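In: This is a predicted model, with the sequence first.
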Amino acid sequence: MIIDHIAIRARNIHSLSKWYVEKTNAEIMHMDLYYVRLKLNNTTIAIIDEVKYPHNHIGVLVDSLEIVISIPQCNK
C-alpha cells in the first residue's frame, strides 16, 4: 500500500492552493473548478472543494481490492 495523496477540503481551493505555492514552493500539477493537485517534495496534496467533496481523506494505492475489503471499516 502506498499513500498517493492527502486531500484537504477548502472553502476557496484557489486561495489555499496559492498559499501552498507561495509558502512551500509547491507545484500545481492539475487544476479545475473543484480540485487542485499540488506536488510538494515527495508528497501530493489535493485541495478539494468542501461543497463538492464531503470528506478530507488520504488516498492510497493498493495492489488488489482484497486489501481494501480486509480493512474492518471498509467492510460495512
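Out: Structure received. Numbers count the residues shown, from 1 in each chain.

In: hey, let's count contacts and neighbours off CA atoms from now on
Out: Noted.

In: Give me the average confidence score over stretch 63-76.
Out: Averaged across stretch 63-76, the pLDDT comes to 71.

In: now could you export just the CA positions of it as CSV?
Out: Only the C-alpha atoms of stretch 63-76 are listed here, as CSV (Å, rounded to 0.1, in the frame of the first residue of the first chain):
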residue,chain,number,x,y,z
ASP,A,63,-2.3,-3.9,-5.4
SER,A,64,-5.7,-5.6,-5.1
LEU,A,65,-9.2,-4.9,-3.9
GLU,A,66,-8.9,-7.7,-1.3
ILE,A,67,-6.6,-5.5,0.7
VAL,A,68,-9.2,-2.8,0.9
ILE,A,69,-12.0,-5.3,1.7
SER,A,70,-10.0,-6.7,4.6
ILE,A,71,-9.9,-3.3,6.3
PRO,A,72,-12.7,-3.5,9.0
GLN,A,73,-14.4,-0.1,8.5
CYS,A,74,-14.4,-0.7,4.7
ASN,A,75,-16.5,-3.9,5.1
LYS,A,76,-19.7,-2.2,6.3
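
In: buried stuff in that stretch?
Out: Neighbour-count burial for stretch 63-76 flags Val68 (criterion: 16 or more other CA atoms under 10 Å).

In: where's it relative to the chain centroid, distance-wise?
Out: Stretch 63-76 has its C-alpha centroid displaced from the chain centroid by 20 Å (CA atoms, centre = their mean, to the nearest Å).

In: where are the low-confidence patches of the chain?
Out: For the chain, residues meeting the criterion pLDDT under 70 lie at 73-76.
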